[in-house]
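Undergrad: can't give you the sequence, but here's the structure:
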């Protein structure tokens, strides 16, 4: 089994026929077909169903395909690492909580881009629980999430601590934070959000029912707008809402709360290829 044969196998699976794969690779179809047959003989299992007008993967072929894609990707990464060991280039694909992406992260990304302009940065924001499987499946190079994560396949580095505070419109005249938590309408994120999880822990610890009082929005901007309009109260990072408090369009309600902080960590696979682009990004996080 060699890398070229594995490439032939993946190309044939993607194209749905040996002839199309051979044409795409500019290779003789007969040689490609023979190499795949030799691979099947070596494995002792058929990898393809063969039809008059194409092929499709067998059940075991589908399993082998996932490994084959990873083998090709790792071989390409290895070449890239050796060639670019000291020069950061390529692409980093990152995930982040929206609040972190709006708060401290832009400064980090800006500093990194100024030092390593040949690296293309892509940033995806979403709910906290979306990112762990994406990092594990190598769809993201890393992600900023609520920690600790403590997964055996992942490394995590502390990034910052978010302070959460209870806020409402400047026009609200609630008597106290306790009254808000006990009976007022609350605006929060969908399930899977680290910030919503903290709010639910807070409400549950006090024995307050809340499901029927939640307005769920998936945009931090929409939440801020609705809170300022007096639609409901929010439990959000101080780093995001402090400017609205300072401008007099939001009111903070002091609250003694053991759940009022949330650590943000950067997670990545322990076996992530440490090319220059990724290695220097980790160094940027430490400065």
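TA: In hand now; what should we look at? This structure is a prediction, so every number in the text was calculated from the model and none was measured.
Undergrad: chain center to stretch 250-265: distance?
TA: 24 Å (Cα atoms, centre = their mean, to the nearest Å).
Undergrad: which SSE is residue 71 in?
TA: In this assignment (DSSP states H and E), residue 71 forms part of helix 59-83.
Undergrad: how far does that helix sit from the chain's center?
TA: 21 Å.
Undergrad: beta partners of residue 93?
TA: Residues in a beta bridge with residue 93, per DSSP bridges, are residue 122.
Undergrad: what residues are up against it?
TA: By Cβ atoms under 8 Å, 6 or more residues apart in numbering, the residues touching residue 93 are 122, 124, 139, 140, 141. From N, CA and C alone the C-beta is placed, and that goes for glycine too.
Undergrad: before we move on, back to that, now do the buried residues in the helix holding residue 71.
TA: The neighbour-count check on helix 59-83 (16 or more other Cβ atoms under 10 Å) flags 61, 64, 65, 68, 69, 72, 80, 81 as buried.
Undergrad: Check stretch 236-255 too.
TA: Buried, per 16+ other Cβ under 10 Å, within stretch 236-255: 236, 237, 238, 240, 241, 244, 249, 250, 251, 253, 255.
Undergrad: Quick check: the farthest pair among these?
TA: For the buried residues of stretch 236-255, with distances taken as Cβ to Cβ, the pair at the greatest spread is 249 and 255 (19.8 Å).
Undergrad: How confident is the prediction for residue 86, by pLDDT?
TA: The predicted structure scores residue 86 at 65 on the pLDDT scale.
Undergrad: Report all helices and strands that the helix or strand hosting residue 107 contacts.
TA: Following DSSP H and E, the helix or strand that holds residue 107 is helix 105-115. Under the contact criterion of 3 or more Cβ pairs under 8 Å, 6 or more residues apart in numbering; DSSP states H and E, helix 105-115 touches strand 119-125, helix 276-286.
Undergrad: Take these and lay them out in JSON lines including mean neighbour count and distance to residue 263.
TA: Output for the helices and strands packed on helix 105-115, formatted as JSON lines (neighbours: other Cβ atoms under 10 Å; distance: least, Cβ to Cβ, whole Å):
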{"stretch": "strand 119-125", "mean neighbour count": "15", "distance to residue 263": "18"}
{"stretch": "helix 276-286", "mean neighbour count": "16", "distance to residue 263": "14"}
